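**Student:** Quick one: sequence plus predicted model below, questions after.
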Amino acid sequence: MKSDKLNRAISGKIISTKMDKTVTVLVERRLMHPLYGKFVTRSKKYQAHDEINQYTIGDTVLIEECRPLSKTKNWKVVDKI
């Protein structure tokens, strides 16, 4: 029986489509520095599954966590924003 637990979903910008059925998504978040109070941008890159290679560089997409599809890929692209 499947649980009704919601998967994590985040949005980011596609920065690479060089691999087959895989895109690299850059996710940026802004947080306040604990001591200095200045806003700092933190970024992380995720490998996401794109089954039919329909997304291109520069697209803003929503990615959702899924089962591991390879060593580095456990996210899938849900839709374009």
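**Tutor:** In hand now; what should we look at?
**Student:** next one: stretch 42-50 to chain centre, how far?
**Tutor:** Using C-alpha atoms, centre = their mean, to the nearest Å, we find the averaged C-alpha position of stretch 42-50 to lie 4 Å away from the chain's own average C-alpha position.
**Student:** And the contacts of it?
**Tutor:** Residues lying outside stretch 42-50 but in contact with it, judged by C-beta atoms under 8 Å, 6 or more residues apart in numbering, are 10, 12, 15, 17, 19, 21-31, 61, 63, 66, 69-70, 72-73, 75-77. Where C-beta positions appear, they are placed from N, C-alpha and C, glycine not excepted.
**Student:** try it again with 6 Å
**Tutor:** Residues from elsewhere that reach stretch 42-50, judged by C-beta atoms under 6 Å, 6 or more residues apart in numbering: 21-29, 63, 69, 72-73, 75-77.
**Student:** Please check these and keep the buried ones.
**Tutor:** For the contacts of stretch 42-50, a neighbour count by 16 or more other C-beta atoms under 10 Å gives the buried set as 22-25, 63, 73, 75-77.
**Student:** doesn't I14 make contact with D59?
**Tutor:** Yes: in this structure, D59 is within contact of I14 by C-beta atoms under 6 Å, at 4.9 Å.
**Student:** Name the residue in the two with the higher neighbour count.
**Tutor:** I14 (21 against 16; other C-beta atoms under 10 Å).
**Student:** next structured bit after the helix or strand hosting that one?
**Tutor:** I14 belongs to strand 9-16 when assigned by DSSP states H and E. Taking DSSP H and E as the definition, the helix or strand that follows strand 9-16 towards the C-terminus is strand 22-32.
**Student:** Give me the helices and strands touching that next one, please.
**Tutor:** Packing contacts for strand 22-32, counted by 3 or more C-beta pairs under 6 Å, 6 or more residues apart in numbering; DSSP states H and E, involve strand 9-16, strand 39-49.
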